[in-house]
Structure formats: structure tokens, C-alpha cells
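Enquirer: pasted the sequence and its predicted model underneath.
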Amino acid sequence: TWGEAGSTGSLRDLRRHLGCAQWAMHQYAHVVGGLPRGDPGNSLTSGQPIMDDLTPRLSNSAFLVLVAAVISIPLSLFIGSIAAVRRDGILDEVSSFLQRVLASIPEFVIGLALIALFATSVFHAFPAVSIIAPGSPPWSHLAAIWLPALTLVPVAPPPTPLTPAPAPHPALRSPSTCHP
């Protein structure tokens, strides 16, 4: 036991196990040294390798990002192409405005709004909570993936510069400037 209920001997053993008697830089090098090899060490609570717990979660997160990218990339290309054809048109202005607004809203706020809209009595199209059993592949639970993926779609496209490119000066566009 550690903390106030811990004995002096158990605290001494914990400090020895963690290497607290060594320099701070040596401790840091020991912890960070395994990261390039994919070895973040062992969990303090279970004693098991951290990668054993982390690997399934990383694969679930990677699948979630993949689903969000499959939705957001074609959608962004479609909207961007239409907006480019009609530059400074209503769709260009609205899509730029919405992109800036959505980029400024934290993901958890977007997630809560989507839950309120799609997982309550308004539409009830998706489950409000996505629980996937450990070891179960996320693609076998697509109904549980849609709402978290839709939360990532508005923030997935990279933000565009907020300042428009300056227009050339009218004198530079006149024929006499280019051809004396």
C-alpha cells in the first residue's frame, strides 16, 4: 500500500523500483528511451506492459480517424470544387464561414450537439454511447462508430488561411504596364 496508509518499507521499495534515487535526467532517459522502440514500459497499477493495453485502443482510434477521413475528404473536395467554380459566390462565402466556425468549436462541444440531435428523441438515429468490447474489431460495430466519426468530420479538413490573397493593384492590370 502506498500513500498515507503505506509502510516505510513499501514506500522505499516503490522508490527503488521507480529509480527515484537516480538523477532526474537518467529517469527521464529511461522512460523516454523505450518510446522509439514502441516500449513505453509497464503500468504502475497492473505491472503489465502498457502496449498490451494501448494497442487495441490505438487500432480503434485509427479506424475512427479512417472513417472520418473517408467522409470528410470527399465532402471537402466536393464543396471546395463547387466553391472554387463560383469564387466569391454565396456557397464560397457560406462554406468558408462554416469552416471557420466549426474549426473554432472544440470537438467535445460538436460531439455533445450531435448526441443531442442524433441520439435523443429528436432523431434517435445513432446510439448515444459507443461501447465496443475489448478485442472486438470496431468495423463489426459500425452503428456505434458513426456518431464519433461525425464528430471528427467538421474538424478533419485542414483550416485554410483566414486572410484572403490581396488583389493586384489596378495599375498592374492595365495593358500599358505589361507592354510598353
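Expert: Cool, got the structure. Residues are numbered from 1 along each chain as shown.

Enquirer: just the CA trace of the strand or helix carrying residue 16, in PDB.
Expert: Counting by DSSP states H and E, the element that carries residue 16 is helix 8-18. Taking C-alpha atoms only, helix 8-18 is exported to PDB below (Å, rounded to 0.1, in the frame of the first residue of the first chain):
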ATOM      1  CA  THR A   8       8.100   2.900   5.200                       C
ATOM      2  CA  GLY A   9       9.300  -0.300   3.700                       C
ATOM      3  CA  SER A  10       6.800  -0.400   0.900                       C
ATOM      4  CA  LEU A  11       7.500   3.200   0.000                       C
ATOM      5  CA  ARG A  12      11.200   2.500   0.000                       C
ATOM      6  CA  ASP A  13      10.600  -0.500  -2.300                       C
ATOM      7  CA  LEU A  14       8.500   1.600  -4.600                       C
ATOM      8  CA  ARG A  15      11.100   4.400  -4.800                       C
ATOM      9  CA  ARG A  16      13.800   1.800  -5.600                       C
ATOM     10  CA  HIS A  17      11.600   0.200  -8.200                       C
ATOM     11  CA  LEU A  18      10.900   3.600  -9.900                       C
END
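
Enquirer: buried residues, it. List them.
Expert: By 16 or more other C-beta atoms under 10 Å, helix 8-18 has no buried positions at all. All C-beta spots, glycine's among them, are computed from the backbone N, C-alpha and C.

Enquirer: so which elements touch that helix?
Expert: Helices and strands touching helix 8-18, as assessed by 3 or more C-beta pairs under 8 Å, 6 or more residues apart in numbering; DSSP states H and E, are absent.

Enquirer: starting at the chain centroid, how far to the very next helix or strand once past it?
Expert: Scanning forward in sequence from helix 8-18 by DSSP H and E, the next helix or strand is helix 24-33. Its chain's average C-alpha position is 28 Å from that of helix 24-33, according to C-alpha atoms, centre = their mean, to the nearest Å.
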